[in-house]
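Peer 1: need a 3D model of the sequence below.
(one chain, ligands or ions: 1)
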Amino acid sequence: MTPRKPIVGGNWKMNLHRAQAVDLAKSLVDRVNSNEDVEVILFPPFPYLEAVGKVLRDASSPIRLGAQDFYHQPNGAYTGEVSISMLADLGVTNVLVGHSERRHVIGENDVLLNQKVLAGLKAGMEVMLCVGEKLEQREANQTDDINAGQTRYGLAGVDPKDMARVSIAYEPVWAIGTGKTATAADAQNAHVAIREVVARQFSTDIAQHVRILYGGSVKGSNAPELFAQSDIDGGLIGGAALKADDFMAIIDAATNSVSA
Ligand code: 13P
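Peer 2: Residues are numbered from 1 along each chain as shown. The predicted model follows:
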């Protein structure tokens, strides 16, 4: 079994203001030390990337700075958009692509998301592609098909050697912000199926190395069972990432899953 270092990402979405964002980052840098067996990434809103990045830099923290989105073009007449090089300027090393709120609320499609994946990788970013089925798709037994399609489209044309900088977050849409979590067994099954897609698209070796995170109402209480599953390599956390104690409980669960 290939040891995969778990990732715990805090997706702050469109929450917090400057003072709260800085306070949260400060309490986390005090508590996440460089010996962690877990990679921790914070995804603050765009306006606070610089302030949060400064907290991480000043503390020489191992916590990585991530952006929730970006536009794939390098520059130009794209009002309201943010380029990857602008993010790199702020110290961003990780980016999300295709979060379900981008797909289903904002309306981004697989073609655009694939352009973002390719552009993010070309610019040297670590890219986390988010996939996941909606409730009606789950009820129609389409979970694996939806995940397979979003994974295949999202990663189309990726150079196999860049796959070391790709991770996948499986976030069933019906479990996001609803308090409903996939059972650990359901999540594990979905992760195995996604890993098989990566194996077919790239290679077994690449599939064994790619980190697949679970997201959707992860809390300190359910994280240990989820992270104990052999194909769940950490979590992408929304609501519970907004309080240092709650987020730390999840980081601790990921750390314990490594030593278990
Ligand atoms: P919640 O943890 O609030 O359900 O959000 C999950 C998510 O969408 C993380 O990206």
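Peer 1: return the set of buried residues in the helix or strand harbouring residue 87.
Peer 2: Residue 87 is located in helix 84-89, with elements delineated by DSSP states H and E. For helix 84-89, burial by neighbour count (16 or more other CB atoms under 10 Å) applies to 84, 86-87. C-beta: built from backbone N, CA, C; applies to glycine.
Peer 1: what does stretch 151-169 give?
Peer 2: Result for stretch 151-169 [16+ other CB under 10 Å]: buried residues 151-155, 158, 162-163, 165-169.
Peer 1: please list the members of those residues that lie in helices.
Peer 2: 151-154 (DSSP state H).
Peer 1: for residue 125, give me the pLDDT.
Peer 2: We note a pLDDT of 98 for residue 125 in this prediction.
Peer 1: touching, it and residue 93? I think so.
Peer 2: Yes - contact between residue 125 and residue 93 holds when scored by CB atoms under 8 Å: they sit 6.6 Å apart.
Peer 1: show me which of those two is the more surrounded one.
Peer 2: residue 125 (23 against 16; other CB atoms under 10 Å).
Peer 1: in contact with the residue in the chain that the ligand sits nearest to, which residues?
Peer 2: Nearest to the ligand in the chain, going by CB to the nearest ligand atom, is residue 238, at a distance of 2.3 Å. Contacts for residue 238 (CB atoms under 8 Å, 6 or more residues apart in numbering) come out as 11, 13, 176-177, 215.
Peer 1: for the nearest residue to residue 196 once chain neighbours are set aside, which three-state class applies?
Peer 2: Using CB to CB, 6 or more residues apart in numbering and skipping residues adjacent in sequence, the residue nearest residue 196 is residue 207, 7.2 Å away. Put simply, residue 207 is helix when judged by DSSP: H, G, I helix; E, B strand; the rest coil.
Peer 1: show the pLDDT at residue 207.
Peer 2: At residue 207, pLDDT is 98.
Peer 1: shift numbering so it begins at 58
Peer 2: Right, with 58 as the first residue, what we last looked at is residue 264.
Peer 1: for it, give me its contacts.
Peer 2: Residue 264 neighbours (CB under 8 Å, 6+ apart): 252-253, 255-256.
Peer 1: mind redoing it with 7 Å?
Peer 2: Contact analysis of residue 264 by CB atoms under 7 Å, 6 or more residues apart in numbering lists 252, 255-256.
Peer 1: for residue 286, give its distance to residue 279.
Peer 2: Going from residue 286 to residue 279 by CB to CB, to the nearest Å gives 12 Å.
Peer 1: what parts of the chain come near the ligand?
Peer 2: Residues of the chain found near the ligand (CB under 6 Å from any ligand atom) are 68, 156, 228, 233-234, 272-275, 293-297.
Peer 1: please identify which pair of those residues lies farthest apart.
Peer 2: The distance between the two most remote of these (CB to CB) is 16.2 Å, for 156 and 297.
Peer 1: okay, these two: which has more neighbours?
Peer 2: Taking other CB under 10 Å, residue 156 and residue 297 do not tie; residue 156 has more neighbours (28 against 20).
Peer 1: wait, isn't the more buried one in contact with residue 187?
Peer 2: Yes - between residue 156 and residue 187 there is a contact under CB atoms under 7 Å: 4.7 Å.
Peer 1: so residue 176 is in contact with residue 128, correct?
Peer 2: No - counting by CB under 7 Å, residue 176 does not reach residue 128; the two are 8.4 Å apart.
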